[in-house]
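*Asks:* Quick one, what's the 3D model for this:
(one chain, ligands or ions: 1)
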Amino acid sequence: MRHHQSLPPTPRRPLRLAATAALLCLGLAGCGDGGGTAQAQAGPSGDAAGTPRATSAAPSPSRPGAASPSTSPSKAAPSGSAAPTGPLAGRTVVIDPGHNPRNHLHTAAINRQVDIGTGHKECDTTGTATNGGYAEAEFTLDVAHRLRDLLRAQGATVLLTYDGDREFGPCVDERARIGNKAHADAVVSVHADGSAVGNRGFHVILPAAVRGGGADTSKIVAPSRDLGTRIAGLFVRSTGSSPSNYVGGKTGLDVRKDLGGLNLSTVPKVFIECGNMRDPEDAALLTSPGWRQKAAQGIADGISSYLKG
Ligand code: ZN
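*Replies:* Reported below is the predicted structural model:
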């Protein structure tokens, strides 16, 4: 997230390839839900009724926790269905897929400065990519979908800050407000880093104590640390990945005061940088659907552990 400013913009070719893959997925059973799901959730955020858009949106039968396609991008429970059951029933989780695959087409809009309480920052950034061209924003959406399905299978109400349904953004301040308005019990912003070769591993970013303008994290610092610590521990267990060897002193935890998405949150929230897209060994993991499922499982386990106390 933070490390992208000096990096070249997201390559465009892989985005086109990803779109092609999504189209191919329409007619295939067992497609990963990265591209395929995005097809299903194209409803505008104002589409409160969550009108199904595509017959191809049917969730894979192999994933019993998959949500109904009638769900609108930011809405949790399919209308007309029974109340969710499970250990997380009644709990609300907001997942924030970092960046947007189309941000690079809207540089003026995403470079607009927004108020993050303690100062100003860009609305959003393009994110990084692997050397092979797999964009961070594709990664974050894919993990978000997997995470959403895992949490819904436990009965949680799950919202995404966006789901392939907008041209750019949301801006970081809006991403924070979405969690706040939902009165989320936990928010996780999913990212992958763009750092030097040899820098490996994941880290969870916790909000620092900040106050200024519209920012006051005093009430979320402690619960966010609890949330983030559980995610870090269970991410290790699920993925076998080691905590970052370049941030956080190998604790897997970092504290930041410069992220609008954390500064403006009034509900427990963390970021996770799942690995370093610029390192070939980490990239091999990040580009693997099987590994992404393990990553989502680790994050889900951490959230679940936190919510169950
Ligand atoms: Zn990022």
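*Asks:* From C171, how far out is V221?
*Replies:* 23 Å (Cβ to Cβ, to the nearest Å). C-beta here means a position set from N, CA and C on the backbone, and glycine is covered the same way.
*Asks:* So for these two, which sits in the more crowded spot?
*Replies:* A count of neighbours by other Cβ atoms under 10 Å puts C171 above the other of V221 and C171, at 22 against 16.
*Asks:* so which helix or strand takes in the residue of the stretch 51-200 of the chain found nearest the ion?
*Replies:* Closest residue of the stretch 51-200 of the chain to the ion, Cβ to the ion: H191 (3.5 Å). Taking DSSP states H and E as the criterion, H191 maps to strand 186-193.
*Asks:* Restricting to C-alpha, output that strand in CSV.
*Replies:* Below are the C-alpha coordinates for strand 186-193, written out as CSV (Å, rounded to 0.1, in the frame of the first residue of the first chain):
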residue,chain,number,x,y,z
ALA,A,186,-14.4,-5.8,12.4
VAL,A,187,-12.9,-4.4,9.2
VAL,A,188,-10.0,-5.8,7.2
SER,A,189,-8.4,-4.0,4.3
VAL,A,190,-6.6,-6.6,2.0
HIS,A,191,-3.4,-5.7,0.3
ALA,A,192,-0.2,-7.1,-1.0
ASP,A,193,3.0,-5.1,-0.9
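*Asks:* Close to the ion: what parts of the stretch 101-250 of the chain are there?
*Replies:* Within the stretch 101-250 of the chain, the residues that sit near the ion (Cβ under 5 Å from the ion) are G127, H191.
*Asks:* what residue ranges in the stretch 51-200 of the chain score low on pLDDT?
*Replies:* Along the stretch 51-200 of the chain, segments meeting pLDDT under 70 span 51-81.
*Asks:* swap the cut-off to 80 and go again
*Replies:* Filtered on pLDDT under 80, the stretch 51-200 of the chain yields the residue ranges 51-82.
*Asks:* Doesn't R152 lie inside a helix?
*Replies:* Yes: using DSSP: H, G, I helix; E, B strand; the rest coil, the assignment for R152 is a helix.
*Asks:* That one contacts T85, correct?
*Replies:* No: counting by Cβ atoms under 8 Å, R152 sits too far from T85 to count as a contact (11.0 Å).
*Asks:* Settle it for me: which of these two has more neighbours?
*Replies:* R152 (24 against 10).
*Asks:* Show the residue spans covered by the strands in the stretch 101-250 of the chain.
*Replies:* Under the criterion DSSP state E, counting those that start in this stretch, the stretch 101-250 of the chain contains strands at 113-115, 120-122, 157-160, 186-193, 203-207, 211-212, 215-216.
*Asks:* about what we covered before: just give the number of residues close to the residue of the stretch 51-200 of the chain closest to the ion.
*Replies:* Number of residues near H191 (other Cβ under 10 Å) recorded here: 30.
*Asks:* Equivalent analysis for R102, please.
*Replies:* When neighbours are counted by other Cβ under 10 Å, R102 registers 17.
*Asks:* Same check on N199?
*Replies:* The number of residues packed near N199 is 18, by other Cβ under 10 Å.
*Asks:* do you know how far the closest residue in space to it that isn't next to it in sequence is from I299?
*Replies:* In space, and not counting its chain neighbours, N199 is closest to Y246: 4.0 Å by Cβ to Cβ, 6 or more residues apart in numbering. Y246 sits 21 Å away from I299, going by Cβ to Cβ.
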